[in-house]
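Enquirer: got a sequence here, can you build the structure:
(chains A and B)
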Protein chains: 2
Amino acid sequence: MLTFIGLGLYDEHSITREGETALRDADRVFAEFYTSRLLGASVEELETHHDIEIEVRDRAGVEQDPEPMLAAAAEGDVAFLTAGDTMISTTHADLRVRAAERGIDTRVVHGVTAETAASGLTGLQNYRFGKAVTLPFPAVHGAGDVPPSVIESIDANRERGLHTLVYLDIKIDTHAEMSVDDPFMRASEAAALLAESWGDELGIVVARAGSPEPVVAADRLSALADQSFGEPLHLLVIPGDLHHVEADALESLAGAPPALLSDEV
Amino acid sequence: MLTFIGLGLYDEHSITREGETALRDADRVFAEFYTSRLLGASVEELETHHDIEIEVRDRAGVEQDPEPMLAAAAEGDVAFLTAGDTMISTTHADLRVRAAERGIDTRVVHGVTAETAASGLTGLQNYRFGKAVTLPFPAVHGAGDVPPSVIESIDANRERGLHTLVYLDIKIDTHAEMSVDDPFMRASEAAALLAESWGDELGIVVARAGSPEPVVAADRLSALADQSFGEPLHLLVIPGDLHHVEADALESLAGAPPALLSDEV
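Expert: Alright, predicted model coming up:
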């Protein structure tokens, strides 16, 4: 049996009870922390808290050499851990398909996602979000500061009145070779990049979603670009049309300037 | 302090450790189960498991008469529980704004959402979903079997190659007065309604997401309409263009007929 477990967003308390039970019952526990990682707990803290040993696999160890994990899952109960939710990356789905094709039973224990938290913390309604985008580090791609596909997706959502969740690039395993100092893009950098297209428009920063002290701040993108929001992870939301409860929430919970909230629907 | 806690999708084990701690530390615990409820645990089972008393509020008790909850939260630690995630409904966001305006500290403990589970169980990538829709019971609205807004949203997503998550109507508090027998719409009914527009197209049923034995089934909508998927909750996904890993996942994990997966991107 191969059980994919999402650890949730922040630390050892972010996992569900179901996930914790599966984790502690597993014969072997593998994890990958290159697509994301928990900012509030180290691997050692997870091991101590749950009284388990975690075998951390790098990208090559998951994608090119999954055989040791599959062999273990064919013989016993194996847990495969990721930060946030599981199955967020095609890597995980691919591993599940490989297991299924070998006749290994698989199971998915969901975790809280950044998407869920962004909606919950901002008061923006989840069914009013369009397609999400990821804003890459400018050094990573070769198409200007913001890739045209990102601008097109935000524009297409805005035309339909929909909000856009902007995931900020994470390059845990490759940032050094790409001359990127910090593996986590910060919201101020993202706001500065997007302000080139929509400087006077409202943006919403969500910092450390899922932690005991998340920060949510709404302001013009050009103003958000000049602020600092502390430790990662950060997200950004570009809102579409606002329902009046959404506007109220942004004003009272995120400090949005009332002048930016006038086009309520 | 007013702490909003999402219980997750299925039973008493679906909550996060963080949520469980907040729940057990609260002086009073309120809950609403009219927007959704846990299918795998009764209120009594939740009370026994966590050794708490839960004061369940109906819609009027949350929306028209929040005063007792706010007064309690002004004096002590109050937890407000919902099935799935919290803040999914404007009702919850409105309550949080009211609390904030009275100077009551608020906190959100996220839960796993149906959206997260639908993506995780199907292998469809979360950033390839467009706007979600809710399919209402035909008896509830007066605009034909499927409201034009639902058809337009699915069409708009498909034009952009995006998947659509279709939430199925839940009418826990009002189904009797609307002559609806079952408060939970089933996937077969939903597939039959959508088959009027897209009968030969691929649909994906997700039943009992978050439970120990979820069911995922992919087939033509007209074929899904003739099947039964057991106990609620059910969801339906109308896929857009498929990445090859998504197509592989639908074939090996959901039994999708290969002939329907030919337009991979």
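Enquirer: and the helix or strand hosting residue A:80, what does it pack against?
Expert: For residue A:80, the host element (DSSP states H and E) is strand A:78-82. Counting contacts by 3 or more CB pairs under 8 Å, 6 or more residues apart in numbering or on different chains; DSSP states H and E, strand A:78-82 packs against strand A:2-6, helix A:17-25, strand A:28-31, helix A:67-75, helix A:90-101. (C-beta placed from N, C-alpha, C; glycine too.)
Enquirer: let's have the ones you listed in TSV, adding mean pLDDT, mean neighbour count and distance to chain B.
Expert: Below are the helices and strands packed on strand A:78-82 laid out as TSV (pLDDT from 0 to 100; neighbours: other CB atoms under 10 Å in any protein chain shown; distance: least, CB to the nearest CB, whole Å):
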stretch	mean pLDDT	mean neighbour count	distance to chain B
strand A:2-6	98	25	8
helix A:17-25	97	19	4
strand A:28-31	98	20	17
helix A:67-75	98	16	14
helix A:90-101	94	20	4
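Enquirer: need those in a markdown table (columns: distance to residue B:172).
Expert: Below are the helices and strands packed on strand A:78-82 laid out as a markdown table (distance: least, CB to CB, whole Å):
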| stretch | distance to residue B:172 |
| --- | --- |
| strand A:2-6 | 28 |
| helix A:17-25 | 24 |
| strand A:28-31 | 39 |
| helix A:67-75 | 39 |
| helix A:90-101 | 33 |
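Enquirer: out of the ones you listed, which gets nearest to residue B:253?
Expert: With respect to residue B:253, and counting by CB to CB, the nearest of the helices and strands packed on strand A:78-82 is helix A:90-101 at 5.9 Å.
Enquirer: that closest one - contacts with which helices or strands?
Expert: strand A:2-6, helix A:59-63, helix A:67-75, strand A:78-82, strand A:106-109, helix B:244-254.
Enquirer: just to revisit the earlier point, so which of the helices and strands packed on strand A:78-82 is nearest residue B:213?
Expert: helix A:17-25 (12.7 Å).
Enquirer: buried ones in stretch A:40-47?
Expert: A:40-41, A:43, A:46 (16 or more other CB atoms under 10 Å in any protein chain shown).
Enquirer: among those, which one sits closest to chain B?
Expert: Closest approach to chain B among those (CB to the nearest CB): residue A:40, at 10.5 Å.
Enquirer: and chain A, what are its domain boundaries?
Expert: A:2-109, A:114-261 (automatic domain parsing).
Enquirer: reformat those as TSV; add distance to residue B:67.
Expert: Below are the domains of chain A laid out as TSV (distance: least, CB to CB, whole Å):
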stretch	distance to residue B:67
domain A:2-109	32
domain A:114-261	18
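Enquirer: hey, least reliable of those domains by pLDDT?
Expert: Confidence, taken as mean pLDDT, is least for domain A:114-261 of the domains of chain A (a mean of 92).
Enquirer: that domain close to chain B?
Expert: Yes. Residues of domain A:114-261 are located near chain B by CB under 8 Å from any CB of the partner chain, namely A:115-117, A:119-121, A:123, A:125-134, A:156, A:160, A:162, A:167, A:209-210, A:243, A:245-246, A:248-249, A:252-253.
Enquirer: how distant is stretch A:118-126 from the center of its chain?
Expert: 14 Å (CA atoms, centre = their mean, to the nearest Å).
Enquirer: with only the CA atoms kept, save that stretch in PDB.
Expert: Below are the C-alpha coordinates for stretch A:118-126, written out as PDB (Å, rounded to 0.1, in the frame of the first residue of the first chain):
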ATOM      1  CA  ALA A 118      -6.000  32.200   0.400                       C
ATOM      2  CA  SER A 119      -9.800  32.100   0.000                       C
ATOM      3  CA  GLY A 120     -10.500  31.600   3.700                       C
ATOM      4  CA  LEU A 121      -8.100  34.300   5.000                       C
ATOM      5  CA  THR A 122      -9.200  37.000   2.500                       C
ATOM      6  CA  GLY A 123     -12.900  36.400   2.700                       C
ATOM      7  CA  LEU A 124     -13.000  36.000  -1.100                       C
ATOM      8  CA  GLN A 125     -15.400  33.300  -2.200                       C
ATOM      9  CA  ASN A 126     -13.800  30.200  -3.600                       C
END
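Enquirer: so which residues make contact with that stretch?
Expert: A:115-116, A:129, A:163, A:165, A:204, A:206, A:209, A:214, A:216, A:218, A:235, A:237, A:239, A:243, A:245-246, A:248-250, A:253-254, B:4, B:6, B:85-88, B:90, B:93, B:96-97, B:108, B:110, B:113, B:115, B:132 (CB atoms under 8 Å, 6 or more residues apart in numbering or on different chains).
Enquirer: switch to 6 Å and redo it
Expert: For stretch A:118-126, the external contacting residues (CB atoms under 6 Å, 6 or more residues apart in numbering or on different chains) are A:163, A:165, A:204, A:206, A:214, A:216, A:235, A:237, A:246, A:249, B:87, B:93, B:108, B:110.
Enquirer: I'd like to know which of the residues you listed is nearest to residue A:189.
Expert: Taking CB to CB as the measure, residue A:189 lies nearest residue A:235 of the contacts of stretch A:118-126, at 12.8 Å.
Enquirer: which elements pack onto the helix or strand hosting that closest one?
Expert: Using DSSP H and E, residue A:235 sits within strand A:234-238. For strand A:234-238, the packing partners by 3 or more CB pairs under 6 Å, 6 or more residues apart in numbering or on different chains; DSSP states H and E come out as helix A:114-122, strand A:164-168, helix A:187-198, strand A:202-207.
Enquirer: which parts of stretch A:200-211 are buried?
Expert: Buried, per 16+ other CB under 10 Å, within stretch A:200-211: A:201-211.
Enquirer: what's residue A:70 in contact with, if anything?
Expert: residue A:99.
Enquirer: what about the residue positioned nearest the centre of chain A, distance to residue A:207?
Expert: By CA atoms, centre = their mean, chain A has its centre lying nearest to residue A:114, at 4.5 Å. From residue A:114 over to residue A:207 the distance is 11 Å, taken as CB to CB, to the nearest Å.
Enquirer: ditto for residue A:53
Expert: Residue A:53 is 32 Å from residue A:207, by CB to CB.
Enquirer: so residue A:35 is in contact with residue A:89, correct?
Expert: Yes. Contact criterion CB atoms under 6 Å: residue A:35 and residue A:89 qualify, at 4.8 Å.
Enquirer: out of the two, which sits in the more crowded spot?
Expert: The neighbour count for residue A:35 versus residue A:89, taken as other CB atoms under 10 Å in any protein chain shown, is higher for residue A:89 (21 against 17).
Enquirer: please look at that one and residue A:34 and confirm they touch.
Expert: No. Counting by CB under 6 Å, residue A:89 does not reach residue A:34; the two are 9.4 Å apart.
Enquirer: so residue A:155: helix, strand or coil?
Expert: helix (DSSP: H, G, I helix; E, B strand; the rest coil).
Enquirer: what is the neighbour count of it?
Expert: 13.
Enquirer: in contact with it, which residues?
Expert: Shown in contact with residue A:155 (CB under 6 Å, 6+ apart): no residues.
Enquirer: before we move on, back to that, want to throw the buried residues of stretch A:40-47 into a markdown table with secondary structure?
Expert: Converted to a markdown table, these look like this (three-state DSSP):
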| residue | secondary structure |
| --- | --- |
| A:40 | coil |
| A:41 | coil |
| A:43 | helix |
| A:46 | helix |
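Enquirer: against the centre of chain A, work out the most remote residue.
Expert: Farthest-from-centroid check, chain A (CA atoms, centre = their mean): residue A:75, 32.4 Å.
Enquirer: list the buried residues of stretch A:134-147.
Expert: For stretch A:134-147, using 16+ other CB under 10 Å, the buried residues are A:134-138, A:146-147.
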